[in-house]
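Got a predicted structure here, sequence first:
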Amino acid sequence: MLRIGQIKYANCTPIFHALREQFPCKDYHYICGVPAQLNAQLAAGAIDVCPSSSIAFAHHPDRYLIIPGLSISSCGPVQSVLLFSTVPIEELNGSDILLTSESATSVNLLKIILKKRYGCENIFRTTSLALKEALNEAPATLLIGDAALKSSHSVSGLFVYDLGDLWYSWTETPFVFALWLASRQAFATYAIELRILAGQLQRSKLHAMENLESIVDVSPEVIWMGRDALLRYWRTNISYDLSEDHCKGLNLFYRFSAELGLIENAPELAFL
């Protein structure tokens, strides 16, 4: 039985809804968690495949294979990876920055942008505090996923920076926040099943994009985000593709990460 990690963020809802609806399969067992949890479970062999933080592949390219044609990316503003700051980003040099513990990719992206784009030197600390309390401890904090989406609609008087937008305006490439990764260990046992799943995911992506109007009506996020805003988020902010341009942006992210010592080396992409 394939164990599939499922991220319960709004950006993952269309693909998982379509996969479950179009390909109900008694041989799939879904395990839910935030990106950091699923990264750890994939590394430990507790799950076989999941949308995983793109930096996870760079840390252990010998452990994983990338399912082609799929990602969670942005080609501009992503709306759900946000730096909230009490001062302009150019004035953060020397400041403490508080970080989410839920995604290593977004954390590394922020470190790259602050250092390479703005020339800032910062001290980074992980926090689980809510936004208001976090900003009492430091001038800026990073939120991702639904927490970022919710906070962006409820704050005022802050500088809010969209990391997808900062990356795209700087590099003119998409930013790949997550890849669908399968462990090589799972592939050794379930090669046929993983190839079938890869095809189902491709068809699920197409089905989801064609049926967002019906998916939104049964999505839990519609309660707090609203129908129009959720549809706009899926259509405008999130890309589920992994094109040549996406791979170009991914390789650039890995190169910058290696230059800053966030990973040992920029890896070659290896596909299922």
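The structure has been received and is ready for your questions.

Relative to residue 30, how far out is the nearest residue to residue 186 once chain neighbours are set aside?
Take residue 186 and drop its neighbours on the chain: the residue closest to it by CB to CB, 6 or more residues apart in numbering is residue 48, 3.7 Å away. All C-beta spots, glycine's among them, are computed from the backbone N, C-alpha and C. Distance of residue 48 to residue 30, computed by CB to CB, to the nearest Å: 11 Å.

For the two, indicate the residue with more neighbours.
Each of residue 48 and residue 30 had its neighbours counted (other CB atoms under 10 Å), and the higher figure belongs to residue 48 (26 against 14).

so where do the strands sit in the stretch 101-250 of the chain?
Assigned by DSSP state E, counting those that start in this stretch, the strands in the stretch 101-250 of the chain fall at 123-126, 140-144, 159-162, 175-183.

quick one: the least confident helix or strand in the chain by mean pLDDT to strand 140-144, angle?
Of all regular secondary-structure elements in the chain, judged by mean pLDDT, DSSP states H and E, the least confident is helix 145-152 with a mean of 86. Counting by axes from the mean of the first three to the mean of the last three CA atoms, to 10 degrees, helix 145-152 points 130 degrees away from the direction of strand 140-144.

which residues does the residue positioned nearest the centre of the chain contact?
Among the residues of the chain, the one closest to the centroid is residue 177, at 3.5 Å (CA atoms, centre = their mean). By CB atoms under 8 Å, 6 or more residues apart in numbering, the contact list for residue 177 reads 53-54, 71-74, 78, 81, 103, 105-106, 164.

Mind listing the shared neighbours of residue 48 and residue 30?
With CB under 8 Å, 6+ apart, residue 48 and residue 30 have common neighbours residue 4.

So what touches stretch 140-155?
Applying CB under 8 Å, 6+ apart, the contact partners of stretch 140-155 are 9-11, 34, 79-87, 89, 92, 95, 97-100, 102-103, 106-107, 110, 127, 129, 131, 134-135, 160, 163, 221, 224-225, 233.

Confirm for me that residue 50 is in contact with residue 43.
No: counting by CB atoms under 8 Å, residue 50 does not reach residue 43; the two are 11.0 Å apart.

So those two - more neighbours on which side?
A direct count of neighbours by other CB under 10 Å for residue 50 and residue 43 places residue 50 higher, at 27 against 17.

any idea of the mean pLDDT for the helix or strand where that one lies?
Assessed by DSSP states H and E, residue 50 sits inside strand 49-53. Mean pLDDT, strand 49-53: 94.

Spell out, range by range, the helices that occur in the protein.
Secondary structure of the chain (DSSP state H): helices located at 13-22, 35-44, 54-59, 104-112, 131-134, 145-152, 163-171, 184-210, 212-217, 222-225, 227-232, 244-259.

which residues sit against the last one?
Yep, that's helix 244-259 we're talking about. Contacts to helix 244-259, defined as CB under 8 Å, 6+ apart, come from residues 54-55, 58, 71, 73, 108-109, 112, 116, 167, 171, 173-176, 179, 239, 263-267, 269.

what about that helix, distance to the chain center?
Computed by CA atoms, centre = their mean, to the nearest Å, the chain-centroid distance of helix 244-259 equals 15 Å.

All set now, cheers.
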